[in-house]
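# Generate coordinates for the sequence data below:
(chains A and B)
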Amino acid sequence: MEMKNKIGYFVLAGLALILLPLFAQYFGQGWVRILSQALLYVLLALGLNIVVGYAGLLDLGYVAFYAVGAYMYALLASPHLAENFEWIAAAVGTNGMHTPIWLAIPLAAGLAAIAGVLLGMPVLKLRGDYLAIVTLGFGEIIRVFMNNLEQPLNITNGPRGLDRIDAMHIFGFTFGKAINIGEYRISSVVLYYYLFLALVIFSVVICHRLETSRIGRGWMAIREDEIAAKAMGINTRNMKLLAFGMGATFGGVSGAMFAAFQGFVSPESFSLQESITIVAMVVLGGMGHLPGVILGALMLAAMPEVLRYVAGDVQNMTGGRIDASILRQLLIALAMIGIMLSRPRGLWPAREHGKGAPAPVK
Amino acid sequence: METFFQQVINGLVLGAMYALVALGYTMVYGIINLINFAHGEVLMVGALTSWTVVSALADSGLPGWLIMLISLLCAIVICAALNFSIEKLAYRPLRTAPRLAPLITAMGMSLLLQTLAMILWKPNPKPYPLLLPTDPISLGGPVISVTQCLILGITVVVLAGLMYLVNRTKLGRAMRATAENPRVAALMGVKPDMVISATFIIGAALAAVAGVMWAANYGTVQHSMGFLPGLKAFTAAVLGGIGNLAGAVVGGVLLGLVEAMGAGYLGPLTGGVLGSQYSDIFAFAALILVLTLRPAGLLGERVADRA
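As a prediction, this is how the structure comes out:
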């Protein structure tokens, strides 16, 4: 009986999620866009949750992996490289590279993972605090490269960014154009919504499986007490590297999605602010607890839109000193401090191990 | 050769400022094992406070050096009060919490201070008035400005004072004892809470001095100015061996020199391929390198995880 109920809920939730963008469409495409972006944030938060939530490693440069994925996809699927390098133009023709996603996405994810493992190797055997500061520095390094790698070889096109990036396309089906089913028109943002929704569900399944697996238990043991974990025979260094690499992979895939969705990437999208926001999502919702993380991501992703209605009044009251973006930053900062002080395990934390033992079967 | 000496001077000046900030990191870390992410923001608050005072007094007819001195004192007082309250409100309740919690709070605090500064002082960069003589002093080729001379001089005095405080006074002994083992120190009659507060206040005062120097040397102040110096000063602290006061100074000066050399020579040496805009990367590359090769830092104490 209980099982049946659960399936019923899942079906209902699924239906609601599928119908949501079709409703939102009536209020304007902008709302669907916000929904899609929120899902992208959920994807990022799920990835960071592996690193921060499961393994307890504070990664403050997560956006760097996001950027690596986005730029990799952008380079592989835009005319930019062919326009700037003759030998590439000679190889692929003048209308540029249009690498199939079956190659572009794994490359984006792989490069991000390699960056993660390379960065993690020297630091992960040290104390956690060092990792925080090194990842922060790594984020800055990537940003400096994004901004400056236009001379002498124009790779990233500097602050102007890369544009004309291909939309996602699978088996000849492109997400970049609206499709018509009879009278009914499904726009590109709605298609992306479904794509991201599918990815989020896929990621949740992966994360859930990881959480209950030997690997997940290993991560959590490291998080709780590293020395005890080591004593139990867990190879802490490799497990930490695995968490770090896996988180980076998620970042890389999300980056590729972002690039395809926007059709444009520039260093501006990958600021430190963004990294902190993603950390705040994970922390706010409840580190290491999937529903909590998703809740946190959705809350913070939706916040700017809600604030837009309030911000006007606040802006007038303060003589233009506080606008929507400043207000958002202020609330994120206060939330990070407040949550840590009052509910250090987040708004919707996981049940503590050992304390939430299942009730005896009657 | 002239470029070389010029870059040595620039590097020393930069290094002196890093050293002052790095001391704040290293003292706090030595005692409560926390990376105080908000420390760079304390520098920013110091610089902006001093800018406010200087702008207000600019037309008062007082001599330039007096205005600078007043603004410096104001900055020190404000920063000390600020850092004291940050510790009391945000870090003290979490002293026994898991390691990640105070680190995230510190990150949030850094963001909060930046945002508040943006609201209070508006986000635009502000020119810092030139109150000291601007004619450079020639050293037979390389030149040094009056501000730079003062930065070097003040840093030496401040460092000497700090060394005296830590090594010769009762408070200094209490600080060293708390860093070594807070519980045993408490048994010996040291009040750890008081020592920790004192550490934060001293660290903030040093950061405020560095902030005013930074503002006077570069001529602009802004709410985001604390981030990079903060990050690099932390790097300097790690470079020298975190928890070690002399190490922080050595690390700061070394980092300043490396960066100045990078800015001066990177362009010409690579034929213009890599410009000085890459000099920011040096600090982080150095950090990763040091952590790989010599995790304890140059003059290091242990850093491996004792958990």
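# Next, the residue lying closest to residue B:64 once chain neighbours are set aside: secondary structure please.
For residue B:64, ignoring the flanking residues on the chain, the nearest one in space by CB to CB, 6 or more residues apart in numbering or on different chains is residue B:131 at 3.4 Å. Any C-beta I mention is one placed from the backbone N, CA and C, and that applies to glycine too. Look at residue B:131: counting by DSSP: H, G, I helix; E, B strand; the rest coil, its state is coil.
# ok, so what distance separates residue B:131 from residue B:206?
From residue B:131 across to residue B:206, the span is 22 Å (CB to CB, to the nearest Å).
# Might you enumerate the residues of the stretch 1-150 of chain A proximal to chain B?
Within the stretch 1-150 of chain A, the residues that sit near chain B (CB under 8 Å from any CB of the partner chain) are A:52, A:56, A:58, A:60, A:119, A:122-123, A:126-130, A:132-134, A:136-138, A:140-141, A:144, A:147-148.
# redo that, cut-off 6 Å
Within reach of chain B by CB under 6 Å from any CB of the partner chain, the stretch 1-150 of chain A has these residues: A:58, A:122-123, A:126-127, A:129, A:133, A:137, A:141, A:144, A:148.
# which one of those is nearest residue B:222?
Using CB to CB, the shortest approach to residue B:222 within these belongs to residue A:144, at 18.7 Å.
# if I read this right, the residue nearest to residue B:64 contacts residue B:65, doesn't it?
No. Assessed by CB atoms under 6 Å, residue B:131 is found out of contact with residue B:65, at 7.4 Å.
# These two - which one has more neighbours?
Each of residue B:131 and residue B:65 has its neighbours counted (other CB atoms under 10 Å in any protein chain shown); residue B:131 has more, 19 against 13.
# ok, residue A:91 - how many residues close by?
Residue A:91 has 11 neighbouring residues, counting by other CB under 10 Å.
# For the strand or helix carrying it, which helices and strands make contact with it?
With elements taken from DSSP states H and E, the one containing residue A:91 is helix A:86-92. Here helix A:86-92 touches helix A:80-84, going by 3 or more CB pairs under 6 Å, 6 or more residues apart in numbering or on different chains; DSSP states H and E.
# Identify each buried residue in the helix it packs on, please.
Neighbour-count burial for helix A:80-84 flags A:80-83 (criterion: 16 or more other CB atoms under 10 Å in any protein chain shown).
# ditto for stretch B:3-19
B:6-19.
# hmm, who's touching the helix or strand hosting residue A:119?
Using DSSP H and E, residue A:119 maps to helix A:101-123. With contacts defined as CB atoms under 6 Å, 6 or more residues apart in numbering or on different chains, helix A:101-123 is touched by A:65, A:68-69, A:72-73, A:76-77, A:130-131, A:134, A:138, A:241, A:244-245, A:248-249, A:251-253, A:256, B:288, B:291-292.
# Tell me the helix or strand right after that helix.
Next along from helix A:101-123, by DSSP H and E: helix A:128-148.
# Name the residues that touch that next one?
So helix A:128-148 is contacted by A:57-61, A:63-64, A:67, A:119, A:123, A:156, A:158-159, A:267, A:272, A:275, B:35, B:234, B:277, B:280-281, B:284, B:287 (CB under 6 Å, 6+ apart).
# Can you flag which of these belong to helices?
A:63-64, A:67, A:119, A:123, A:272, A:275, B:234, B:280-281, B:284, B:287 (DSSP state H).
# Now the two most distant members of those residues.
A:67 and B:234 (22.6 Å).
# residues near the residue of the stretch 201-350 of chain A found nearest chain B, how many?
The stretch 201-350 of chain A approaches chain B most closely through residue A:336 (3.0 Å), counting by CB to the nearest CB. When neighbours are counted by other CB under 10 Å, residue A:336 registers 24.
# residues making contact with the one helix or strand residue A:72 maps to?
Under the criterion of DSSP H and E, residue A:72 resides in helix A:62-76. Contact with helix A:62-76 is made by A:48, A:81, A:97, A:99, A:104, A:107-108, A:111-112, A:115, A:138-139, A:142, A:162, A:165, A:248, A:251-252, A:254-256, A:258-259, A:265, A:270, A:274-275, A:278, as judged by CB under 6 Å, 6+ apart.
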